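Visitor: Quick one, structure for this:
(chains A and B)
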Amino acid sequence: MYGYASFLFFLLGGIEALLLRVHLAQANSEFLTAGAYNALFTMHGTTMIFLFVMPASAAFFNYLLPLQLGARDVAFPRLNALSWWVFFFGGIFLYSSFIFGTSFAPMTPDGITGNIPINGGPGAFNFLADSPNGGWFGYQPNAGPFYSTGTAMDYWSMGLQILGLASLISSINFIVTVFNMRAKGMRLLRMPVFAWMTTVVAFLMLFSLPIIAVALFLATFDRQFGSVFFQASNGGDPILWQHLFWLFGHPEVYILILPAMGIVSEVIPTFSRKPLFGYSAVVFAGAAIAFLGFGVWAHHMFSSGISPVAQAAFGLATMTIAVPTGIKIFNWLGTMWLGKIRFNTAMLFSVGFVAMFVIGGLSGVTHSIVPSDWQQTDTYYIVGHFHYVLFGGAIFGLFSGLYYWYPKLRGRLMNERLGKIHFWLMFIGMNMTFAPMHWLGLQGMVRRTWKYPAEAGLETWNQIETIGAFTIALSILFFMYNWWRSKTHGEPSGLDPWDARTVEWMIPNPTPEYNFAVSPVVESLDDFWRRKYTEDEEGRAVRRPEADQVIADLEEIGHNPPAPIHLPNPSYFPFLVGLAITIISYGIIYHTSAWGKALIVGGVLLTLISFIGWGIEPLEDEPDDAAPGNLQPAEAH
Amino acid sequence: MAEAVHPESHGHAEHESTGVDSRKLGMWLFLSSEFLFFGALITNYLLYSNRTGFNIYPREVYDIPFTSVSSFVLLMSSLTMVLAHNAVSRDDQPQARTWLFATAALGSVFLAGQVFEFTEFIVHYDMKLTTNPVASAFYVLTGFHGLHVAIGVFMLLSLWGISRFKGRLSEEKGMNVEMVGLYWHFVDIIWIVIFTVVYLIDAARV
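Guide: Below you'll find the model as predicted:
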């Protein structure tokens, strides 16, 4: 569910990107109005980050974390449902701004709202101009009450608040799952790297989301209730917004990339037929990245006038972060070194990830040099950089995971030929789109510029980028067709299609709804591999003679659980809570009107009623003496 | 669920676990997140409180004796919360109910005090949310704390109601007294920080 919803948002965000690229292919373009252009780049960024990469990662976490730990489910199945519904309604809420949002010209200096619609003038997709348009980081005071009049940015700040809540709930759920739900013998340092990265990401979310919540609340109070936190005219400090936003925003970058790093750390060892080189180094490097990630936020603000000491400190901290990242990259290379590599689609995406991430990572290090950063700030160089890490990094990693774990979902393999076409088109398209951005940026093309003059000589590269963007779009069509067709026509995968290493492959494909018929007992890292292989004197892997029997036994028992298995009942209350929170959010935006107030009151009442109902509803039909905790299934007897 | 997850026929089917109840662990994690939430709000207040040139500062209008009393009331509610938890673990249901209600009542007194304080500031001193950033920061910080207290009161009253309705409180069930207790003590601790840093230390500078 997470997966499909986030893919839908990926398509929406992609269409927004294509519109932007069509517009920018021409100097002095009039294809989009300025208002629509602003709205599109804002919604493209917001969608891709908060509605695609984060929930897509959450989908992987949800599905794979219990499997990789040898557990039946996450610790709190209902909280899981809650975070899904909150996310779902949050996405709908944000996108409803296309319909309900309004956006007017800035207030005049004497405080009179012009009520002049911002989207005047010719151009296609004019109607889009009424959605959030303050950029994905909503800088103040531009996104404040005086410069972004109308409700568009209210939708943005409240929508992000809702989505943040969903992530916070899921992060608690994942951490408790890791701490309390591991199968017997699955010690922390035997967990697959993906499970480790999930843990790290969950902690990042746990500690960074409250900060963006505060920032968004302050902005909301400014916009709705007339407080003046960021309004310089009343003594407020707009730079505070930048600090709060990036104190969340930089950990957020790692929230986006670490899941992909986890996926790659699973795929590369499997297809190199070698254990991950330096397992604990990879794990600790991930934790180090997360830790350092909280200390580098001001490198987004070198041009905002912070003191030279702060610039030096944050510049140094930023360079430090390259160290654990480098450790990971060398570990992946070390894993492939002398491995028997199988280049199928999943592996290609993982190798593509490593290559592209190195490029994006290196251009990232150039930003830590303050004078250089001053030249690059707010140019296309930055846009090129973060698309290399987010597209070449996060998205390649996610696709690698999709190809790798597809059999778990469907019991079939995805088509390799279509998969390879997808990969190569995407790889070429990606480099065509984002590499020229570096050059354009250094030539002086400004980020978020609506128009550039013809004589600036920027048009050629922009046209190439647009072709690249459409190549990516084409590759996505191949992927969608492959996904859909493989469901019925794919080659049946059996239990262990990849000769895999980790415990999630010890159950039949597609995964039974109870996951493990019998909880596994884990004796080592890469436990499944250990059951199939042993080592000769020179340390080479030798397949055990009984390996095929092991697989056949697992297949047999996986389909026939020895004891009946109860699963928690579905519940309506998470849905109601998600709905209620969204109703309150609409109410706050329109709180000046009577029906807005009614929405707030109704939403609060619905929340309270749902929570009480949730509190007294039993988790299963037939509670026995070891009665199920309402929210918890952990304590065994 | 505990039974369900691990068919008893397979004795080895245990979990690696911290040994801490999952709900409690979840609550601790949630509270750790909450600390950052209030940390950011308090920082926000301190930032503006240190700026010069505003026409009015909260520290000029604090009524320290009054707030001390209401802080004392909130502190005492932690005591009654502990007594309630103690009564539950002794399975003394009527007493548990009494102490839960007492905790909710003390929390409500604190909230009433906050409403009075806000009204006082707005009506007598004309310090509104919209006046200047430091006033905004004060109201948003203490307001969010008040909201947390109100949610706590709601949870306490729900427990009290469930206990009245069902006759007893079960510790195995969902939100139990211990969890609400954790939350309540957290809200209390945050108030100690706010009262010290935002009220006492700030007022000493006038």
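Visitor: Just give me the neighbour total for residue B:72.
Guide: 12 (other Cβ atoms under 10 Å in any protein chain shown). Using the backbone N, CA and C atoms, a C-beta is placed for each residue, glycine as well.
Visitor: which SS class is it?
Guide: Assigned with DSSP: H, G, I helix; E, B strand; the rest coil, residue B:72 falls in the helix class.
Visitor: now residue A:221
Guide: helix.
Visitor: tell me which parts of the stretch 201-350 of chain A are close to chain B?
Guide: Proximity of the stretch 201-350 of chain A to chain B (Cβ under 8 Å from any Cβ of the partner chain) is limited to residues A:206-207, A:209-211, A:213-215, A:217-218, A:221, A:225-229, A:234-237, A:240, A:244.
Visitor: My error: substitute the stretch 401-550 of chain A in the last question.
Guide: Counting by Cβ under 8 Å from any Cβ, the stretch 401-550 of chain A comes close to chain B at A:518, A:519, A:521.
Visitor: Which member of those is positioned nearest residue A:596?
Guide: Among those, residue A:519 lies closest to residue A:596 (Cβ to Cβ), at 50.9 Å.
Visitor: how near is residue A:533 to chain B?
Guide: 23 Å (Cβ to the nearest Cβ, to the nearest Å).
Visitor: What is the neighbour count of that residue?
Guide: Residue A:533: 17 surrounding residues under other Cβ under 10 Å.
Visitor: Now do it, the pLDDT please.
Guide: According to the prediction, residue A:533 has pLDDT 90.
Visitor: Sketch out the low-pLDDT regions of the chain for me.
Guide: By default, I'm working from chain A. Scanning chain A for pLDDT under 70 picks out A:105-125, A:617-637.
Visitor: actually it's chain B I care about, not the one you picked
Guide: Residues of chain B that meet the cut-off, pLDDT under 70, sit at B:1-15, B:167-175.
Visitor: can you map out the helices along it?
Guide: Ranges of helices in chain B, per DSSP state H, are B:2-5, B:22-49, B:58-61, B:64-89, B:93-125, B:133-166, B:177-193, B:202-203.
Visitor: Tell me which stretches of chain A form strands.
Guide: Using DSSP state E, the strands assigned to chain A run over residues A:182-183, A:533-535, A:541-543.
Visitor: which of these sits most buried?
Guide: The highest mean neighbour count among those, using mean count of other Cβ atoms under 10 Å in any protein chain shown, belongs to strand A:182-183: a mean of 24.
Visitor: got a list of contacts for that strand?
Guide: Contact partners of strand A:182-183, identified using Cβ atoms under 8 Å, 6 or more residues apart in numbering or on different chains, comprise A:69-71, A:188, A:191, A:503, A:516, A:519-522, B:15-17.
Visitor: Quick one: buried ones out of these?
Guide: By neighbour count, with 16 or more other Cβ atoms under 10 Å in any protein chain shown, the contacts of strand A:182-183 hold A:69, A:70, A:71, A:191, A:503, A:516, A:519, A:520, A:522, B:15, B:16, B:17 as buried.
Visitor: Report the two of the contacts of strand A:182-183 separated the most.
Guide: Within the contacts of strand A:182-183, A:188 and A:516 form the most distant pair, 19.5 Å apart (Cβ to Cβ).
Visitor: the domain parsing of chain A - what is it?
Guide: Segmentation of chain A into domains, based on automatic domain parsing, reads A:343-493, A:506-568, A:571-621.
Visitor: tell me the most buried of these?
Guide: Scoring these by mean neighbour count under mean count of other Cβ under 10 Å gives domain A:343-493 as the most buried, with a mean of 19.
Visitor: gap between the two ends of stretch B:192-206?
Guide: End-to-end distance for stretch B:192-206, by Cα to Cα, to the nearest Å: 21 Å.
Visitor: One more: stretch A:487-494?
Guide: From its first residue to its last, stretch A:487-494 covers 14 Å (Cα to Cα).
Visitor: Quick one: the helices in the stretch 401-550 of chain A, in order.
Guide: For the stretch 401-550 of chain A, the helices defined by DSSP state H, counting those that start in this stretch occupy A:416-442, A:459-489, A:527-532, A:547-559.
Visitor: same deal with the stretch 1-150 of chain A?
Guide: Using DSSP H, counting those that start in this stretch, the helices of the stretch 1-150 of chain A run over A:2-24, A:34-46, A:54-69, A:77-95, A:97-100.
Visitor: circling back to that earlier point, could I get the helices of chain B as a markdown table with distance to chain A?
Guide: As requested, the helices of chain B are exported to a markdown table (distance: least, Cβ to the nearest Cβ, whole Å):
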| stretch | distance to chain A |
| --- | --- |
| helix B:2-5 | 4 |
| helix B:22-49 | 4 |
| helix B:58-61 | 14 |
| helix B:64-89 | 16 |
| helix B:93-125 | 13 |
| helix B:133-166 | 4 |
| helix B:177-193 | 9 |
| helix B:202-203 | 17 |
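Visitor: Understood, closing this out.
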